[in-house]
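[1] from the sequence below, what's the structure:
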Amino acid sequence: MPLRPPLVFLIFYCALAPLGWGQSKSPPNQDYERLKATAQFDQTPAPCNQQGPQSCLKILLESENCVNCDLKGVDLSGKNLKGKDLRGSDLTGAKLLQTHLEGVHWVNVKLTGADLSGAYLAKTKWEGVDLEKARFVGADLTKARFKGVTLQRADFSKANLEGAEFSQSKGRGTRFIQARLRGVLFERNSLPEANFTQADLFKSTMKNNWFLKSDFDGIRARKANWQKNNFSLSSFVKASLNESRLDESKLEKANFTRSDLSKVSMTKVQAFQARYDQAQMQGANLMDSTQSGSSFVGADLSQADLTHANLAGSDLTGVNLTRSLLAEVNLSGAILTQANLRQANLMKASLIGVSFRGADLNQAVLQGARLIGGTFDGARWTNGLRCARGSIGRCKPIHKQNTAFRKP
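    This next block holds a predicted model:
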């Protein structure tokens, strides 16, 4: 009886399967890259280590790699080391100024105190690398990736880090002064006291980072996505964060004096005793945020949304809240002297003990608001009338006969 075609095919496949026929394989270059990135490599010291760094340097320049090499203090400035394998090597104090290092995969390398200023490091990968006090001033690190890296006092000032990624790294006092960080990603890093002064962070992303006591003065971070970070005690003086998102971040005692926060989203932030003096916050979204004890002196919050926000005990002297949403806001004990609240919605707001001296409440909505103990001396009421001295808990309009001009 002749064999059926399916049976013939099955016998043929089983005979050739041990030879690898019919089994899908990844391209060799992909396998190599995957193994290079993840495999545990032999950490046996290189033989050249016995002769010292200069011996290892010679091997590095004459071959494609120098794994686990002793390269402490060597001078590689201006060299072309593109694609070299330096895994596990020690380059403490090495000089790599203007060195070409494109595509190098840095794994478990020690670069403490090394100088890579002006180096070309585009698309490099850094894993488990010690970069304490390393210098990258003016270096090109476009689309570089840093994971699990030590960044203690590392200096990236004026470096190009556009599209770079930093994850699960740590270090105090890392410097990014005037660096180009457009589209950069910071995720799950601990970088207290970092310095981003005047850096370009346009459309950057920061999530679940620790930036305690960091300096962001003068940064340009329009349309940035910075949610769920800790920026407590940080400074953002004259920073530009318009149209950015800082939702659910911690901003205790952060300083946003004279910053541009127009159309920013700061919902559910914890910002006890923060400073926003003279900040531009038009159209900002501060819904459900905690801003108690904060200072908004002279800030522009026109058309902002502060629904359900807690601003108890805050200083809003001279603030512009024209047409803003303040429904069910807690302003108990706050100072709104000389504030502009024209057409603001304060429905069901808690205004207990608030000072509205000289404030403008013309056409404001106060339906259901609690005004117990509020002071309205010299304020302009919702109907346009001026409140007399001694207006507590409610407005006592000034009568015409009291304001008429009297001849001596």
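
[2] distance of the residue nearest to residue 352 when sequence neighbours are not counted from residue 314?
    Counting by CB to CB, 6 or more residues apart in numbering, residue 352 lies nearest to residue 332, which is 4.4 Å off, once chain neighbours are set aside. In this view, the C-beta of every residue, glycine as well, is placed from N, C-alpha and C. With distances taken as CB to CB, to the nearest Å, residue 332 is found 10 Å from residue 314.

[3] host element of the residue nearest to residue 352?
    For residue 332, there is no host helix or strand (DSSP states H and E).

[4] can I get stretch 300-313 in CSV, CA atoms only?
    Taking Å, rounded to 0.1, in the frame of the first residue of the first chain, the C-alpha atoms of stretch 300-313 are listed here in CSV:
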residue,chain,number,x,y,z
ASP,A,300,-0.9,85.2,37.2
LEU,A,301,-3.4,82.4,37.6
SER,A,302,-6.0,83.8,35.3
GLN,A,303,-8.3,81.1,33.9
ALA,A,304,-6.5,78.5,36.0
ASP,A,305,-8.3,75.5,37.4
LEU,A,306,-7.9,75.0,41.2
THR,A,307,-11.0,72.9,41.8
HIS,A,308,-10.7,71.0,45.1
ALA,A,309,-7.2,72.3,45.7
ASN,A,310,-5.9,73.0,49.2
LEU,A,311,-4.4,76.4,49.5
ALA,A,312,-5.0,76.9,53.2
GLY,A,313,-2.7,79.5,54.8
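
[5] list the contacts of that stretch.
    Contacts to stretch 300-313, defined as CB atoms under 8 Å, 6 or more residues apart in numbering, come from residues 279-294, 319-334, 350.

[6] contacts only, for residue 354.
    Counted by CB under 8 Å, 6+ apart, residue 354 has contacts 331-336, 371, 373-375.

[7] per-residue pLDDT of it, please?
    In this model, residue 354 is scored at 97, pLDDT.

[8] separation between it and residue 288?
    The value you get for residue 354 to residue 288, if CB to CB is used, is 20 Å.

[9] torsion angles phi and psi at the closest residue to residue 169 other than its chain neighbours?
    Closest residue to residue 169 apart from its sequence neighbours, by CB to CB, 6+ apart: residue 149 at 4.3 Å. Main-chain torsions, residue 149, degrees, to the nearest 10: phi -100, psi 150.

[10] hmm, residue 149 is touching residue 165, no?
    No: counting by CB atoms under 8 Å, residue 165 is not a contact partner of residue 149; they are 10.9 Å apart.

[11] of those two, which one has the most company?
    The neighbour comparison of residue 149 against residue 165 (other CB atoms under 10 Å) goes to residue 149, with 25 against 19.

[12] show me what contacts the more buried one?
    By CB under 8 Å, 6+ apart, the residues touching residue 149 are 126-131, 166, 169, 171.

[13] related to what we said a few turns ago, more neighbours: residue 332 and residue 314, which one.
    The residue with more neighbours, out of residue 332 and residue 314, is residue 314; 26 against 21, by other CB under 10 Å.

[14] right, and the more buried one touches residue 329 too?
    No: between residue 314 and residue 329 there is no contact under CB under 8 Å: 10.4 Å.

[15] so what's residue 365 up against?
    By CB under 8 Å, 6+ apart, the contact list for residue 365 reads 344-347, 382.

[16] go again with 6 Å.
    By CB atoms under 6 Å, 6 or more residues apart in numbering, the contact list for residue 365 reads 345, 347.

[17] any idea how far residue 288 is from it?
    Distance, residue 365 to residue 288, by CB to CB: 20 Å.

[18] ok, how many other residues are close to residue 62?
    Residues near residue 62, counting by other CB under 10 Å, number 8.

[19] which pLDDT value goes with it?
    pLDDT at residue 62 comes out at 88.

[20] then residue 11?
    We have a pLDDT of 43 for residue 11.

[21] quick one, phi psi at residue 156?
    Per-residue torsions, residue 156: phi -110, psi 30 (degrees, to the nearest 10).

[22] how close does it get to residue 100?
    Remark: distance between residue 156 and residue 100 (CB to CB) = 19 Å.

[23] ok, these two, which is more surrounded?
    For residue 156 versus residue 100, neighbours defined as other CB under 10 Å are more numerous around residue 156 (30 against 20).

[24] please report how far the more buried one lies from residue 179.
    As judged by CB to CB, residue 156 and residue 179 stand 5 Å apart.

[25] next one: residue 118
    Going from residue 118 to residue 179 by CB to CB gives 14 Å.
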